[in-house]
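structure here, sequence nowhere to be found:
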């Protein structure tokens, strides 16, 4: 089982690794849902830990459909990450109608075939989760996992949809489903029992007093690890 947690800096990253996190999602501006971190932050975090670091590539928080100007920024940020020796990104792009923006995925995967991509929670805004999953399966050489709460406000409410997606992923041998969004120590057991995913994503729920400004809560981290181990 894999436990992924959100971090914003090297201090967070080191503590998360020490407390048993298996993978990190590095972001900036978490209050805006997570944006691309600075070059300096990427460099420092990647040098601070030995576990995988997935770097958020998101130039703004307005929406998930990107112009060519946005894409120039996105490509530049990816190239900066590659210069640092990384290849793991968190990315998602939609058309205005909510369907997956395949032209951008094509562009990125052809330009940078070494990318390991988590398609983020833009996935929860698509008109059909199953149709979107089928679309992303065509990119499974690069899109390794999908972060989702099953199209609902949190993973507990979306557990039935998450279960179906996990089963679909197994049958199609496509991107893994990573439940995330509203997961808490009090709900992870129920979600895991129904969904049976192999990886889970936590944010502020594993922090002291549930605040990103605080460090990780050792006891809560251990409770989560105990459930999914």
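Good, I have the coordinates. Since the model is a prediction, treat every value here as computed from it, not as a measurement. Numbers count the residues shown, from 1 in each chain.

quick one, helices of the chain?
Under the criterion DSSP state H, the chain contains helices at 10-18, 39-48, 68-83, 102-111, 129-137, 159-172, 188-195, 218-228.

surely residue 53 touches residue 44?
No: using CB atoms under 8 Å, residue 53 makes no contact with residue 44, being 10.8 Å away. Yep, even glycine has a C-beta here, placed from its N, CA and C like the rest.

the more surrounded of the two?
Taking neighbours as other CB atoms under 10 Å, residue 53 and residue 44 compare with residue 53 leading, 21 against 15.

how about the more buried one, nearest residue that isn't a chain neighbour?
Nearest in space to residue 53, with sequence neighbours left out and distances taken as CB to CB, 6 or more residues apart in numbering, is residue 24 at 4.8 Å.

quick check: the one you found vs residue 199, distance?
13 Å (CB to CB, to the nearest Å).

and these two? which has more neighbours close in?
The neighbour comparison of residue 24 against residue 199 (other CB under 10 Å) goes to residue 24, with 24 against 19.

beta partners of that one?
Here residue 24 sits in beta bridges with residue 5, residue 53, going by DSSP bridges.

which ones are touching it?
The contact partners of residue 24, by CB atoms under 8 Å, 6 or more residues apart in numbering, come to 4-7, 13, 16-17, 45, 49, 51-54.

tabulate the helices of the chain (JSON lines), appending distance to residue 148 and mean pLDDT.
Shown next, in JSON lines, are those (distance: least, CB to CB, whole Å; pLDDT from 0 to 100):
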{"stretch": "helix 10-18", "distance to residue 148": "22", "mean pLDDT": "98"}
{"stretch": "helix 39-48", "distance to residue 148": "24", "mean pLDDT": "98"}
{"stretch": "helix 68-83", "distance to residue 148": "21", "mean pLDDT": "97"}
{"stretch": "helix 102-111", "distance to residue 148": "17", "mean pLDDT": "96"}
{"stretch": "helix 129-137", "distance to residue 148": "7", "mean pLDDT": "98"}
{"stretch": "helix 159-172", "distance to residue 148": "7", "mean pLDDT": "98"}
{"stretch": "helix 188-195", "distance to residue 148": "11", "mean pLDDT": "97"}
{"stretch": "helix 218-228", "distance to residue 148": "17", "mean pLDDT": "97"}
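
now those in CSV, with distance to residue 95?
Supplementary listing: the helices of the chain in CSV, determined by distance: least, CB to CB, whole Å:
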stretch, distance to residue 95
helix 10-18, 34
helix 39-48, 29
helix 68-83, 14
helix 102-111, 9
helix 129-137, 11
helix 159-172, 21
helix 188-195, 28
helix 218-228, 34
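
please, a PyMOL command that selects the buried ones among the contacts of residue 24?
To isolate the buried members of the contacts of residue 24 in PyMOL, using 16 or more other CB atoms under 10 Å:
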select buried, resi 4+5+6+7+13+16+17+45+49+52+53+54
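
would JSON lines of the contacts of residue 24 with distance to residue 203 be doable?
Formatted as JSON lines, the contacts of residue 24 follow (distance: CB to CB, whole Å):
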{"residue": "4", "distance to residue 203": "10"}
{"residue": "5", "distance to residue 203": "7"}
{"residue": "6", "distance to residue 203": "5"}
{"residue": "7", "distance to residue 203": "10"}
{"residue": "13", "distance to residue 203": "15"}
{"residue": "16", "distance to residue 203": "12"}
{"residue": "17", "distance to residue 203": "17"}
{"residue": "45", "distance to residue 203": "17"}
{"residue": "49", "distance to residue 203": "18"}
{"residue": "51", "distance to residue 203": "17"}
{"residue": "52", "distance to residue 203": "17"}
{"residue": "53", "distance to residue 203": "16"}
{"residue": "54", "distance to residue 203": "14"}
